[in-house]
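J.: structure, please.
(4 chains)
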Protein chains: 2
Amino acid sequence: MTETKLKPRRYRGASGDQRRAERCQQLLDAGLFVFGDIGYPASSVRSICAAAGLTERYFYESFANKEALLAEVYQAQTDYLKETMLQAFAKAERNSEAFARAGLHAFFDTLQDKPAVARLLLFEILGVSDTLDQLYYEAMEEFAVLIRSLASSLGLADISERPDQDIIYAGLVGAVIQIARRWALTGYTAPIDSVINSSLFLFVATANYAAPTA
Amino acid sequence: MTETKLKPRRYRGASGDQRRAERCQQLLDAGLFVFGDIGYPASSVRSICAAAGLTERYFYESFANKEALLAEVYQAQTDYLKETMLQAFAKAERNSEAFARAGLHAFFDTLQDKPAVARLLLFEILGVSDTLDQLYYEAMEEFAVLIRSLASSLGLADISERPDQDIIYAGLVGAVIQIARRWALTGYTAPIDSVINSSLFLFVATANYAAPTA
DNA sequence: TTTATTTGACAACACAGCATGTCACTTTAC
DNA sequence: GTAAAGTGACATGCTGTGTTGTCAAATAAA
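T.: Numbers count the residues shown, from 1 in each chain, chains lettered A, B, ... in the order given. Model prediction:
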């Protein structure tokens, strides 16, 4: 029997794994660009490959199909957004309002600066498949955790003593997301301070309100 | 030149307009059923026609394409939902909390009873096309008006004196929608009272909170 | 230099969906 | 009964997707 010898060879000063990872990244970038530009349904694998400067063959080297690419891009962008918000928290002075405002500013700022990211996170992810809907759900839960830490940092713990607090936090995340959607759909005409202050208002109002028993 | 004579003829005891309207309605019902069952992208025109017991030709008689059908179905269902909520308001005793609770109950009850409607309104509508996204935006604005009337019925007018109240109301609508999404994504396991009370909590908290100047 | 690996461009295939068209059959009007 | 409007089943053209394959050029190892 002939031995199948592995001969990993360096190309352009990079190993096989490195080159594969690089191509994968190119496809992720192109995916964000194309999905965010013309929308997921209208995006073809060929057009994404063209945008990445690669051919279909390398697409299937890294991703099972178009949906898998969307999942990876979504994951990467939500992770990035979370990271950005966490950094904003870290930089902000530990004054309750300034703290919350910093996080919200990072959130809305990113969406305004990168319309492709906004379109992807706010619109394209839903209704594609059950798998993607589930990914959306998980991302929302993670943002709820972020919001929760933000609320507790405000020193207003009333809410955390309520039953169904998970639902309430989900609602707050939904409020901010919806404000962002509306902002995007109206062409980002409203000043960013308006959307930040309105979001903050909902947070503070919720945290401050001592709930009557359910 | 031959005169093109219109000869409207009755079939099965119905006029041409009646039959066309009936077919249109069958397609709307089938659209809701199929879209809500397997999702918009996976739904083919053929499968919708099969579910309606009609052929493709009658599809294009009533709708320009699949997207147009989705738009009509969405419109019909949001109108129905609004109507249901308005009736619930009308029936409720004019006590502030009972009033709000009645509207929310009608909302969540409809979604729980009709998973197809829930899937359509909460998931399938976004990210299909710019036109559909715009429709979503308009529907959300209409629900915001509903919520606004609800808030004012609670006799709590603080919020209406705030600048950017449109944004805040949009946020509240987003909160309820997100709570509904989460409820659907977790298989409606949470008791309906939990989602109602949590939504109500956000409303009351927001309305009750006297905002410091923005 | 020689040889094997990697790459890029693109052709080829089966398959599915949308949208339109064809044709025989049914139902009504005259 | 006959002709025309209406209907239903199916065929067709087109596009895009997934997937595989070909083949020459570029690159690196021997």
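J.: hang on, residue A:123 packs against residue B:126?
T.: Yes - contact criterion Cβ atoms under 8 Å: residue A:123 and residue B:126 qualify, at 5.0 Å. Quick note: C-beta positions are derived from backbone N, CA and C, even for glycine.
J.: and those two? Which one has more around it.
T.: Counting neighbours by other Cβ atoms under 10 Å in any protein chain shown for residue A:123 and for residue B:126 shows that residue A:123 has the greater number, 23 against 17.
J.: residue contacts, the residue nearest to the more buried one when sequence neighbours are not counted?
T.: Distances taken as Cβ to Cβ, 6 or more residues apart in numbering or on different chains place residue B:127 nearest to residue A:123, at 4.4 Å, with adjacent residues excluded. Contact analysis of residue B:127 by Cβ atoms under 8 Å, 6 or more residues apart in numbering or on different chains lists A:39, A:40, A:41, A:123, A:124, A:125, A:126, A:127, A:128, B:133.
J.: so which of the residues you listed are in helices?
T.: In helices, defined here by DSSP state H, the members of the contacts of residue B:127 are residue B:133.
J.: of the contacts of residue B:127, which ones also sit close to DNA strand D?
T.: Of the residues in those, proximity to DNA strand D by Cβ under 7 Å from any atom of the strand holds for none.
J.: ok, back up a step: so what's the residue nearest to residue A:123 scoring on pLDDT?
T.: pLDDT recorded at residue B:127 is 92.
J.: ok, now how distant is it from residue B:22?
T.: Between residue B:127 and residue B:22 the distance is 32 Å, computed by Cβ to Cβ, to the nearest Å.
J.: for residue A:84, same thing?
T.: 54 Å.
J.: now residue A:39
T.: Plainly put, residue A:39 is 34 Å away from residue B:22 if you go by Cβ to Cβ.
J.: what about those two, which has more around it?
T.: residue A:39 (18 against 12).
J.: ramachandran coordinates for the residue nearest to residue A:123?
T.: phi 80, psi 10 (degrees, to the nearest 10).
J.: tell me the spacing between it and residue B:121.
T.: On the measure of Cβ to Cβ, residue B:127 and residue B:121 end up 14 Å apart.
J.: now do the SS call for residue A:64.
T.: Using DSSP: H, G, I helix; E, B strand; the rest coil, the structure places residue A:64 in coil.
J.: count of neighbours near it?
T.: 10.
J.: how about the closest residue to residue A:23 other than its chain neighbours, what does it touch?
T.: Nearest non-adjacent residue to residue A:23, counting by Cβ to Cβ, 6+ apart: residue A:58, 5.0 Å away. Residues in contact with residue A:58 (Cβ under 8 Å, 6+ apart) are A:23, A:27, A:49.
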